[in-house]
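Enquirer: turn this into a structure:
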Amino acid sequence: MRALKRYDRRGFTLVELMIVVAIIGVLAALAIFGVRRYLASAKTSEAKNSVGAITRGAAAAFERETAASEILAGGGTSAAASHSLCDSATAVPATVPAGIKYQPNSTEGSDFETGTATGGWKCLRFSMSQPIYYQYHYVRGARIPGVTLSPDPTATGFEAGAVGNLDNDAVNAFFTRGGTVTAGQLALATQVYIENEYE
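Expert: Residues are numbered from 1 along each chain as shown. The predicted structure is shown next:
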């Protein structure tokens, strides 16, 4: 009878405790990986959404009819209205933010407040006022510098994109979407091209 009572009171063995600690360690490692992936995904959504907005701005600019300002003589006719893409915009910011955010300058003539009615960010009607992780580009008739594998927009197209370096290493992440004009119609890429998404 005494032997049974003593056996009932025994605690956990060292092996059982080590197994529990190992299981908790594995679950913690998975949780840390999941949280890091979630945070990186949240940061990259900025680039994806902004590239989409720049692309929509380029498509809207192309759909607007552009007519030259003319003075017509009696009985004369004006030139036909045309559709054209915006000219290239300067990259904002000037260098890729490496693991930090950049606050765009909202002063006239700075960052996204540059361009004209036919070119740059004003033509695209695109601006950002919140801090950003990426450098944004809009290039007409060429690819964004550093991107080689995305669909070629050709000389009649454009490419909108974001370049970033979230982990501050030597590798940049690229998000691009382009379009090309063929027979007077603008055809856009079906989705955003992504290279090194979480870099």
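Enquirer: pLDDT below threshold where in this structure?
Expert: Counting by pLDDT under 70, the chain contains low-confidence residues at 1-9, 66-68, 80-81.
Enquirer: what's the nearest residue to the residue most central in space within it if we skip its chain neighbours?
Expert: By C-alpha atoms, centre = their mean, the mean C-alpha position of the chain lies nearest to residue 47, the distance being 2.0 Å. Nearest residue to residue 47, sequence neighbours excluded (C-beta to C-beta, 6 or more residues apart in numbering): residue 162, at 3.8 Å. For glycine as for every other residue, the C-beta is placed from the backbone atoms N, C-alpha and C.
Enquirer: who does the one helix or strand residue 175 maps to touch, helix- and strand-wise?
Expert: Element membership for residue 175 (DSSP states H and E) is strand 173-182. Counting contacts by 3 or more C-beta pairs under 8 Å, 6 or more residues apart in numbering; DSSP states H and E, strand 173-182 packs against helix 14-63, strand 157-164, strand 185-188, strand 193-195.
Enquirer: any idea how far residue 14 is from the residue nearest to the centre of the chain?
Expert: Distance of residue 47 to residue 14, computed by C-beta to C-beta, to the nearest Å: 50 Å.
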